[in-house]
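Novice: What shape does this take:
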Amino acid sequence: MALFKELVDLFITFFKIGIVTFGGGLTMLPLLERVLINEKNWVSMDEILDYYSIAQTTPGIIAVNVATFVGYKRAGTIGGIFATLGMVTPSVIIITIIAKFISNFEQISWVQKAMKGINAAVAALLTYAVFNLCKKNLKSLWSVLLFFASFASIYFFHVHTVLVVLSAAFIGAVSFAVSKKFNSGEGIQK
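Specialist: Presented below is the predicted three-dimensional model:
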């Protein structure tokens, strides 16, 4: 009975998140943080940042991946399935209704105007999410330098994001190994 209640709670929580957010995974991040950390106390800030990082490197939408990770943490594989279903069900319902009842949806003038308004709000949400991610993750000179190098690689030199993410992961792993070796005294000459 406790597992059933947990699964229903996961589905309903992520259904509510999925139905009130627009613009994709990154725009959901502020809401995910508020609900999952502050309201439900299901994850810590460090865990959610780890989930964001992993979700960025795995196929699929960030918010759906985060839902899967949180569901798995709470109730194993079946929890991951219920959380994922909760997150994607609102989109499936809305897309089905639009496809079924409204032909040439994007040609309707009020829809075009609404989308312009939604786009402005999504830009604000993305800016907020990026600002918060930077504030929470850029705590050392190395992370700031890696941030600017990654941004420059993508924006100015059009390096594929997969290559940037893999390079950053490699640099992070090497940096950790070097600092661990140095801190343990192995790197210090006597």
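Novice: where does this protein have its least confident helix or strand?
Specialist: Taking mean pLDDT, DSSP states H and E as the measure, the helix or strand of the chain with the lowest value is helix 25-33, at a mean of 78.
Novice: Report all helices and strands that it contacts.
Specialist: helix 2-20, helix 45-57, helix 62-101, helix 109-137 (3 or more C-beta pairs under 8 Å, 6 or more residues apart in numbering; DSSP states H and E). Bear in mind the C-beta positions are built from the backbone N, C-alpha and C, glycine included.
Novice: To Val162, which of these lies closest?
Specialist: Within the helices and strands packed on helix 25-33, the stretch nearest Val162 is helix 45-57; the backing value is 8.4 Å (C-beta to C-beta).
Novice: hmm, who's touching that closest one?
Specialist: 25, 29, 32-33, 36-37, 43, 62-63, 65-66, 69-70, 73, 133, 136-137, 165, 169 (C-beta atoms under 8 Å, 6 or more residues apart in numbering).
Novice: mind listing what's buried in it?
Specialist: For helix 45-57, burial by neighbour count (16 or more other C-beta atoms under 10 Å) applies to 47-49, 51-53, 55.
Novice: Include distance to Phe176 and pLDDT when you put these into TSV, please.
Specialist: Shown next, in TSV, are the buried residues of helix 45-57 (distance: C-beta to C-beta, whole Å; pLDDT from 0 to 100):
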residue	distance to Phe176	pLDDT
Glu47	19	93
Ile48	21	88
Leu49	16	85
Tyr51	19	90
Tyr52	19	84
Ser53	14	83
Ala55	21	85
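Novice: one step back: please list only the buried members of the contacts of helix 45-57.
Specialist: Neighbour-count burial (16+ other C-beta under 10 Å) applied to the contacts of helix 45-57 gives 25, 29, 32-33, 36, 43, 62-63, 65-66, 69-70, 133.
Novice: As TSV, the residues you listed with distance to Val8 would be great.
Specialist: TSV is the format used below for the buried ones among the contacts of helix 45-57 (distance: C-beta to C-beta, whole Å):
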residue	distance to Val8
Gly25	24
Leu29	25
Leu32	19
Glu33	23
Leu36	17
Val43	19
Ile62	24
Ala63	20
Asn65	22
Val66	19
Phe69	19
Val70	15
Leu133	31
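Novice: Taking these, tell me the two that lie furthest apart.
Specialist: Val70 and Leu133 (17.6 Å).
Novice: Mind listing residues that contact the least confident helix or strand of the chain?
Specialist: Contacts of helix 25-33 (C-beta under 8 Å, 6+ apart): 17, 20-21, 45, 48, 52, 55, 61-66, 122, 125-126, 128-130, 132-133.
Novice: got it, and stretch 71-79?
Specialist: With contact meaning C-beta under 8 Å, 6+ apart, stretch 71-79 is reached by 3, 6-7, 10, 14, 42-43, 47, 80-84.
Novice: again, 10 Å this time
Specialist: Contact partners of stretch 71-79, identified using C-beta atoms under 10 Å, 6 or more residues apart in numbering, comprise 2-4, 6-7, 9-11, 13-14, 40, 42-43, 47, 51, 68, 70, 80-87.
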